[in-house]
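> here's a sequence, model it:
(one chain, ligands or ions: 2)
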Amino acid sequence: MIGFEEALARVKAAARPLGSEIVPFGQAPGRILAEPVTARFRMPRTNVSAMDGYAVRESDLGDLPFSLPVAGESAAGAPPGQALPEGSAYRIFTGAPVPEGADRVIVQENTERDAERVTFVRPHGRGRNIRTAGSDFQAGDVLVPAGVELDWRALTTAAAADRAELCVYRQPRVVILATGDELAAPGEAHARAGAIPESVSPGIAAFVRQQGGHLVRRERLPDEPDVLAKAAARALEEADLVVMIGGASVGERDFSRSVFAAPPDYVFPKVAIKPGKPVWLAHVSDRLVMGLPGNPTSALVTARLFLAPLLRGLGGGDVTKAMTFKQGICADPLPACGDRETFLRARRADHGLVLADSQDSSSQRSLAVSDALIRRRPGAKAEPAGAMVAFMVF
Ligand SMILES: Nc1nc2c(c(=O)[nH]1)N[C@H]1C(S)=C(S)[C@@H](COP(=O)(O)OP(=O)(O)OC[C@H]3O[C@@H](n4cnc5c(N)ncnc54)[C@H](O)[C@@H]3O)O[C@H]1N2
Ligand code: MOO
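Ligands and ions are numbered 1, 2, ... in the order given. Next up, the predicted model:
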């Protein structure tokens, strides 16, 4: 059985971008840029004022107080007007083109205005208050490089390039199939003896979206091979990645590996980790299938460890960002680790990482309050509280 590092390396190799598409701005948030965004023109387009005030020639300034006639007005959005006549000032607003000849803007607060003249009454300091043409960027400059996630900051820069559409990586289309006769829709389990709420796929669906995937559908299915086979065939037609939940283990009623017409061509059939050993990844008919164990904590831990980098990579994102470990202090004593690499659920508190009360792979209560996975190497010894540990944000 392969270990965690090897499994991660194989996920990384399988997580190649699926292609690109052009989308309007409204569909761009959260997407990964596939082609760089270049500026259509320089910014500022001309020399512009940085303040509301009066554009003047430095050489026309005299000892305070002194006044100049106001020869015109320049506002943002208008093309540059006539040149500034010598011995006069121009009323100007922030972002407006500076008239030719002016080399300085005096802020309004240092002036007094009557109908035709402006009087400079306070020292104007040294600032020129002019942003020169192209001082932010030049036409053709790359403003947002390929590979950047279009968050609210990058979207602002991309829009400043005067582009209406962006070339982004295609999002992986995902179908989730949750299997098990015992499963009922949340809210309906109480009405059927032996039923439990199907709790994993709602969480995994949200996670798929959070990691940049496009959720096509999620389905809850009984352990009936014919029904499963039909659903699996349909899923392979509609998805780039099918996520199977449950039925990953060795029981006669564990069907998730055998429902496809073609046998899985394994990237890995299981991994020596705890929880989540039965997690698997395979190529099936040109698609990818990831099998998550049914135990809820096992499913979520393996999704965080392997599904996150897979979705990131398929969507053109930075795979390594989805598998970064940080260092932190564990506020609780740590038990010795067995021979499988182990991921303990914990909560990040001010005084360190606090272990979840239950580390059982079926636990669901602890999931809502755990936001970190502490990594323990195979064979690691027990440690007292205060040990430095590697953890991943969960
Ligand atoms: N003889 C062996 N038995 C088991 C092994 C093994 O190696 N040999 N592995 C164990 C490990 S580790 C895990 S993890 C589980 C995983 O099993 P499956 O993926 O086959 O999961 P199921 O049997 O379908 O379900 C396990 C458990 O989780 C509940 N479940 C399943 N799906 C959902 C869902 N969508 N929402 C909520 N709960 C779900 C299910 O009712 C079971 O209680 O196998 C061990 N066994
Ligand atoms: O994945 Mo199993 O997690 O060890 O119960």
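
> C-alpha only now, for contacts and for neighbours.
Will do.

> the helix or strand hosting Ile176 pairs with which strands?
For Ile176, the host element (DSSP states H and E) is strand 173-179. Its sheet considered, strand 173-179 pairs with strand 214-221 (parallel), strand 241-245 (parallel) by DSSP bridges.

> how far away from the center of its chain is that strand?
22 Å (Cα atoms, centre = their mean, to the nearest Å).

> average pLDDT for that strand?
For strand 173-179, mean pLDDT rounds to 98.

> anything in that strand near ligand 1?
Yes. Using Cα under 6 Å from any ligand atom, strand 173-179 comes into contact with ligand 1 via Ala178.

> sorry, back to before: what's the closest of the strands paired with strand 173-179 to ligand 1?
Closest to ligand 1 of these is strand 241-245 (Cα to the nearest ligand atom; 5.8 Å).

> distance check, Pro80 against Leu228.
Distance check for Pro80 against Leu228: by Cα to Cα, to the nearest Å, it reads 69 Å.

> tell me the SS of whichever residue of the chain sits closest to ligand 2?
Closest residue of the chain to ligand 2, Cα to the nearest ligand atom: Gly276 (2.9 Å). Following DSSP: H, G, I helix; E, B strand; the rest coil, Gly276 is assigned to coil.

> that one reaches Pro293, doesn't it?
Yes. The pair Gly276 / Pro293 is scored as a contact, 6.2 Å apart, by Cα atoms under 8 Å.

> can you pull the residues that touch both of these two?
Ala299 (Cα atoms under 8 Å, 6 or more residues apart in numbering).

> for Cys337, grab the count of nearby residues.
18 (other Cα atoms under 10 Å).

> looks like it contacts Ile374 (just checking).
No. Taking Cα under 8 Å as the definition, Cys337 is not a contact partner of Ile374, at 11.6 Å.

> this structure against ligand 1: which residues are in contact?
Residues of the chain lying near ligand 1 (Cα under 6 Å from any ligand atom): 178, 180, 197-201, 245-250, 254, 276-278, 293-296, 298.

> quick check: pLDDT value at Phe255.
Here, the pLDDT recorded for Phe255 equals 85.

> returning to what we had before: which of Pro80 and Leu228 has more neighbours?
Shown here are Pro80 and Leu228; by other Cα under 10 Å, Leu228 has more neighbours (22 against 18).

> surely Ser249 and Gly276 touch.
No. Counting by Cα under 8 Å, Ser249 sits too far from Gly276 to count as a contact (10.1 Å).

> who's more crowded, the two?
It is Gly276, of Ser249 and Gly276, that has more neighbours when counted by other Cα under 10 Å, with 27 against 19.

> next step: the residues of the chain next to ligand 1 restricted to helices.
Val200, Ser201, Pro296, Ser298 (DSSP state H).

> the first one - how many residues pack around it?
Close neighbours of Val200, defined as other Cα under 10 Å, add up to 19.

> quick one: pLDDT of the residue nearest to Phe343 when sequence neighbours are not counted?
Spatial nearest neighbour of Phe343, excluding adjacent residues (Cα to Cα, 6 or more residues apart in numbering): Arg375 at 4.8 Å. Looking at Arg375, its pLDDT stands at 98.

> number of nearby residues for Arg375?
The burial count for Arg375: 17, using other Cα under 10 Å.

> burial measure for Arg348, as a count.
Neighbours of Arg348 (other Cα under 10 Å): 19.

> report the separation between it and Arg122.
55 Å.

> which residues touch the residue nearest to Gly276 when sequence neighbours are not counted?
In space, and not counting its chain neighbours, Gly276 is closest to Ser298: 4.5 Å by Cα to Cα, 6+ apart. Applying Cα under 8 Å, 6+ apart, we find Ser298 in contact with Lys274, Pro275, Gly276, Leu292, Ser361, Ser362.

> and this structure, which residues reach ligand 2?
Residues of the chain found near ligand 2 (Cα under 6 Å from any ligand atom) are Lys274, Pro275, Gly276, Lys277, Ser298, Ser361.

> so the fourth one sits against Lys270, correct?
Yes. With contact defined as Cα under 8 Å, Lys277 counts as touching Lys270 (5.7 Å).

> quick revisit: what do Ser249 and Gly276 both touch?
By Cα under 8 Å, 6+ apart, the residues touching both Ser249 and Gly276 are Pro293.

> any idea how far Ala233 is from ligand 1?
Per Cα to the nearest ligand atom, to the nearest Å, Ala233 is found 20 Å from ligand 1.

> with that, I have no additional questions.
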